[in-house]
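Visitor: got a sequence here, can you build the structure:
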Amino acid sequence: MTELDPLVPWPEVGRRFTRTRRVRLGDVTPGGRLRLDALARFVQDVSNDDTVDAGLDDDMAWVVRRTVVDVVRPAVLREELALATFCGGTGSRWAERRVSIAGEHGAAIECSTLWVHLDVASGRPKALPAQFHEIYGEASGGRTIRARLQHPAPPLDVLPVRWPLRFVDLDVLGHVNNAIAWAAVEEELAHRGGLTARLPARVEVEYPGAMEPGHEILRVGAEDAGGEVRMWLVDATAPDRTLASGRVVPHPTA
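Guide: Sure, this is the predicted structure:
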């Protein structure tokens with residue numbers, strides 16, 4: 001079994017923020033499981049709710065670089081979820097946000113997202129402000145994290161398929177929402193028996209490039225002999241340029 005690093009545990013001190021969310025019809029698969037793209041939106045929403053509640057001056061100046069999700073037990077239709085979030089660590093221009101999800105029917109999902117802090121005017125990474133450390137520093141416990149990506153390049157011997165972007169994939173900033181890559185992971189899994197048969201599982205998504213309106217995108221998928229599923233979204237005009245990638249492996253509790 002693949003050895004996976006454990007996610008940072010719930011802190012005993014520092015800022016912790018909790019919201020509830022019910023799983024609705026538009027969030028689930030035909031089998032009633034909370035989809036990964038809907039989960040990504042839940043995590044995005046509680047993250048933004050926290051920064052707004054904390055009074056962070058530039059609460060919109062963040063982009064996702066990498067997300068890790070441990071689906072120990074999936075959430076299901078109409079289940080009420082408690083989403084608890086805190087800062088798991090920091091770097092010079094980025095921070096890790098942890099989200100722990102527990103459901104009334106037993107859902108157990110752990111998430112870790114690396115958010116990069118940006119200068120809104122230039123779009124370039126910017127040092128974390130003192131205000132951020134004042135609000136989130138205690139919970140992070142002084143842990144230092146890296147922004148290095150881990151996924152390999154896509155294979156050259158796999159035939160890609162088109163992955164058209166839609167108007168509804170854009171957010172308020174005019175960017176392609178990060179949850180779209182999770183929808184591509186779900187699509188890849190659907191052709192390989194789905195996620196449910198692989199649970200519990202760790203699912204990772206990385207964003208080495210930026211998907212923009214008008215991009216022509218291809219989806220590349222592969223599965224190895226050990227059952228590990230990989231997915232890449234690549235630029236159709238430059239197939240060696242990866243915009244997002246996904247990886248699904250057995251969870252260590254399996």
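
Visitor: make it CA atoms for all contacts and neighbour counts henceforth
Guide: Noted.

Visitor: now do the same for the residue nearest to residue 179 when sequence neighbours are not counted: helix, strand or coil?
Guide: Excluding the flanking residues, the one nearest residue 179 by Cα to Cα, 6 or more residues apart in numbering is residue 37, at 4.9 Å. Here residue 37 is recorded as helix under DSSP: H, G, I helix; E, B strand; the rest coil.

Visitor: isn't residue 37 up against residue 187?
Guide: No - Residue 37 lies out of contact with residue 187 (Cα atoms under 8 Å); the separation is 10.4 Å.

Visitor: give me the more crowded residue out of these two.
Guide: Each of residue 37 and residue 187 has its neighbours counted (other Cα atoms under 10 Å); residue 37 has more, 20 against 15.

Visitor: which residues sit in contact with that one?
Guide: Applying Cα atoms under 8 Å, 6 or more residues apart in numbering to residue 37 gives the contacts 179-183, 186.

Visitor: check residue 161 too.
Guide: 218-220.

Visitor: quick check on the residue of the chain most remote from its centre: phi, psi?
Guide: Going by Cα atoms, centre = their mean, the residue of the chain most distant from its centre is residue 157, 27.4 Å out. Dihedral pair for residue 157: phi -100, psi 20, per degrees, to the nearest 10.

Visitor: so how far is residue 13 from it?
Guide: Using Cα to Cα, to the nearest Å, we find residue 157 at a distance of 50 Å from residue 13.

Visitor: could I get the full set of helices for the stretch 1-150 of the chain?
Guide: 36-54, 130-140 (DSSP state H, counting those that start in this stretch).

Visitor: now the contacts of residue 161 in JSON lines, with secondary structure and neighbour count?
Guide: Conversion of the contacts of residue 161 to JSON lines gives the following (DSSP: H, G, I helix; E, B strand; the rest coil; neighbours: other Cα atoms under 10 Å):
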{"residue": "218", "secondary structure": "strand", "neighbour count": "20"}
{"residue": "219", "secondary structure": "strand", "neighbour count": "25"}
{"residue": "220", "secondary structure": "strand", "neighbour count": "24"}
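
Visitor: closest to residue 135 among these?
Guide: Of all these, residue 219 has the smallest distance to residue 135: 39.5 Å, by Cα to Cα.

Visitor: so where's this protein uncertain?
Guide: Residues of the chain that meet the criterion pLDDT under 70 lie in 1-3, 253-254.

Visitor: tell me the contacts of residue 228?
Guide: 247-250 are the contacts of residue 228 under Cα under 8 Å, 6+ apart.

Visitor: my bad, should have said residue 84
Guide: 16-19, 99-101.

Visitor: one more: residue 199?
Guide: Counted by Cα under 8 Å, 6+ apart, residue 199 has contacts 71-73, 250-251, 254.

Visitor: and if we set it to 10 Å?
Guide: By Cα atoms under 10 Å, 6 or more residues apart in numbering, the contact set of residue 199 is 70-74, 249-251, 253-254.

Visitor: follow-up on the earlier one: the contacts of residue 228 in strands, which ones?
Guide: Using DSSP state E, the members of the contacts of residue 228 that fall in strands are 247-250.

Visitor: host element of the closest residue to residue 210 other than its chain neighbours?
Guide: Spatial nearest neighbour of residue 210, excluding adjacent residues (Cα to Cα, 6+ apart): residue 243 at 5.7 Å. In the assignment (DSSP states H and E), residue 243 maps to strand 238-250.

Visitor: quick one: buried residues of that strand?
Guide: 239, 241-250 (16 or more other Cα atoms under 10 Å).

Visitor: closest to residue 105 out of those residues?
Guide: Distances from residue 105 to those, taken by Cα to Cα, are shortest for residue 250, at 22.4 Å.
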